[in-house]
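[1] pasting the sequence and the predicted coordinates here, then a few questions.
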Amino acid sequence: MSIENHDIGQKQFHILKVLEDSKKPLGSRIIAKKLQDIGIRLEEGSVRYHLRFMDERGLTRMERYRDGRTITQQGLMELRRALVGDKVGLAISKIETLAFRTDFNPDTLKGSIPVNISFFPQGSFNNALRAMKPVFQSELCVSNKVKIADGGERIGDVLVPEGMVGFATVCSIAINGALLKAGVPVNSKFGGVLQMSNNKPLRFVELIHYSGSSLDPSEIFIRAGMTSVNLVNETGNGEILANFREIPAVCQLLTMEIARKLAAVGIGGIILMGNVSEPVCEIPVDVNRVGIVLIGGLNPVAAALELGIGSESHAMSTLVEYHELVSFNQTCDERS
């Protein structure tokens with residue numbers, strides 16, 4: 001294993017990812033715990049071994065005694081050059097992990113819920129709010145519940161950079177989490193661009209399978225400028241971000257009941273549910289399964305970008321407690 005060949009093993013790759021995502025030094029115990037949270041079992045002693053290995057190669061460094069390690073610039077470069085095979089499937093892994101960790105209960109309004117986070121420059125954030133307002137009013141999003149944090153503050157375990165405003169929107173994985181807790185197995189197949197006609201879903205015009213992507217497809221489509229959310233809001237025709245899931249046919253009635261409960265507390269997202277074994281929006285569905293189309297949680301952010309208001313978006317970012325979320329209108333009032 002040599003740096004010259006840009007070859008880091010999967011375990012080192014995931015340790016570097018944990019360090020990259022952290023804004024402070026981490027010790028081996030915390031790293032092992034964070035790895036366990038994403039389904040990677042590595043004993044604390046093994047983590048220490050890999051850290052010493054990466055210290056020697058300049059990928060990580062020890063900060064002050066007992067403060068733990070941080071990733072170096074060389075480590076960041078190596079992470080970017082890591083084998084593509086190490087990265088494939090990270091999107092589906094994130095979905096499954098966040099769904100498992102979601103414990104929001106619509107009956108008690110308690111528990112955590114997954115969110116996407118976008119960073120806006122402070123100077124353009126009020127303009128962004130004005131741009132996103134029509135989208136929240138037309139319900140082209142999972143929920144009108146949001147969370148805002150200024151630079152230096154945190155949303156879940158994500159630190160907002162100085163000079164930026166963090167804006168969290170509810171992620172469609174909230175549906176996955178609720179269904180999983182009710183015993184409904186969900187197959188998350190892909191994220192895509194959904195063509196709307198007269199305010200109804202027509203067909204997917206672009207798609208990326210989660211199992212073959214290291215990024216959330218919504219991030220890719222937003223950066224590529226492939227949406228026309230504002231046009232859909234104004235005319236009912238255009239393209240929005242959406243996701244495709246499948247559930248066993250036997251779970252359809254239970255899924256509808258859970259969806260009603262979530263909608264009653266301000267969490268929607270299901271724009272279309274098909275019939276058993278029938279295609280949905282021109283997408284084939286497996287035998288004895290039902291296709292579901294979910295609205296993308298980043299549609300409001302895509303609408304702002306369409307009007308020239310840039311941001312850095314991170315889909316499927318973290319979990320926040322439901323009680324920390326407020327309505328979008330309240331946020332506008334507080335920021336005006």
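    Right, received. Where do you want to start?

[2] quick one: strands adjacent to the host helix or strand of residue 294?
    Under the criterion of DSSP states H and E, residue 294 resides in strand 289-295. Strand 289-295 pairs in its sheet with strand 238-248 (antiparallel), strand 270-273 (antiparallel), by DSSP bridges.

[3] any idea which of those strands is most buried?
    strand 238-248 (a mean of 24; mean count of other CB atoms under 10 Å). (C-beta placed from N, C-alpha, C; glycine too.)

[4] other residues contacting the helix or strand just after that one?
    Downstream of strand 238-248, the next assigned helix or strand under DSSP H and E is helix 252-264. Helix 252-264 is contacted by residues 106-107, 174-175, 178-179, 182-184, 247, 268-270, 273, 276, 290, 292 when judged by CB atoms under 8 Å, 6 or more residues apart in numbering.

[5] show residues contacting the helix or strand following the strand holding residue 294.
    Following strand 289-295 in sequence order, the next helix or strand is helix 299-306 (DSSP H and E). By CB under 8 Å, 6+ apart, the residues outside helix 299-306 that reach it are 116, 118, 120, 127-128, 131-132, 134-136, 140-141, 167, 169, 221-222, 225, 227-230, 233, 240-241, 296, 311, 313.

[6] in helices only, show me the residues you listed.
    Using DSSP state H, 127-128, 131-132, 134-136, 221-222, 229-230, 233 are the members of the contacts of helix 299-306 that sit in helices.

[7] please pick the buried ones from the residues you listed.
    For the ones in helices among the contacts of helix 299-306, a burial check counting by 16 or more other CB atoms under 10 Å picks out 128, 131-132, 135-136, 221-222, 229-230, 233.

[8] of all those residues, which comes closest to residue 209?
    Closest approach to residue 209 among these (CB to CB): residue 221, at 13.7 Å.

[9] can you pull the contacts of the closest one?
    Counted by CB under 8 Å, 6+ apart, residue 221 has contacts 191-193, 206, 227, 241, 302.

[10] ok, now with 6 Å
    Residues in contact with residue 221 (CB atoms under 6 Å, 6 or more residues apart in numbering) are residue 193.

[11] quick revisit: for residue 44, which of the strands paired with strand 289-295 is the nearest?
    Taking the strands paired with strand 289-295 one by one with CB to CB, strand 238-248 is closest: 36.5 Å.

[12] ok, and what's touching that closest one?
    Taking CB under 6 Å, 6+ apart as the rule, strand 238-248 contacts 140, 172, 184, 186-196, 218, 227-229, 231-232, 255, 283, 289-296, 298-299.

[13] and for stretch 273-286?
    So stretch 273-286 is in contact with 201, 203-204, 244, 249, 287, 290-293, going by CB under 6 Å, 6+ apart.

[14] buried residues, it. List them.
    Buried-residue list, stretch 273-286, by 16+ other CB under 10 Å: 273-274, 280-281, 283, 285.

[15] quick check: the closest residue to residue 124 other than its chain neighbours vs residue 72, distance?
    Spatial nearest neighbour of residue 124, chain neighbours left out: residue 309 (5.5 Å); criterion: CB to CB, 6 or more residues apart in numbering. Applying CB to CB, to the nearest Å, the value for residue 309 to residue 72 is 34 Å.

[16] low-confidence ranges in the stretch 51-200 of the chain?
    65-66, 82-89 (pLDDT under 70).

[17] quick one: the helices in it?
    73-80, 84-87, 90-101, 125-137, 173-181 (DSSP state H, counting those that start in this stretch).

[18] strand 289-295 and the last one, what's the angle between them?
    Our comparison of helix 173-181 with strand 289-295, counting by axes from the mean of the first three to the mean of the last three CA atoms, to 10 degrees, yields an angle of 150 degrees.

[19] and helix 173-181, what other elements does it pack with?
    helix 90-101, strand 112-121 (3 or more CB pairs under 6 Å, 6 or more residues apart in numbering; DSSP states H and E).

[20] the shortest one pairs with which strands, and in what direction?
    What that stands for is strand 112-121. strand 164-170 (antiparallel), strand 312-321 (antiparallel).

[21] distance between the ends of stretch 146-165?
    13 Å (CA to CA, to the nearest Å).

[22] do stretch 180-198 as well
    Termini of stretch 180-198 sit 33 Å apart (CA to CA).

[23] neighbouring contacts of it?
    Contacts for stretch 180-198 (CB under 6 Å, 6+ apart): 95, 99, 176, 179, 201-210, 217-218, 221, 226, 232, 236-240, 242-247, 251, 255, 258.

[24] quickly find the element holding the residue nearest to residue 124.
    Applying DSSP H and E, one finds residue 309 in no helix or strand.

[25] looks like it contacts residue 130 (just checking).
    No: the pair residue 309 / residue 130 is not scored as a contact, 9.2 Å apart, by CB atoms under 6 Å.
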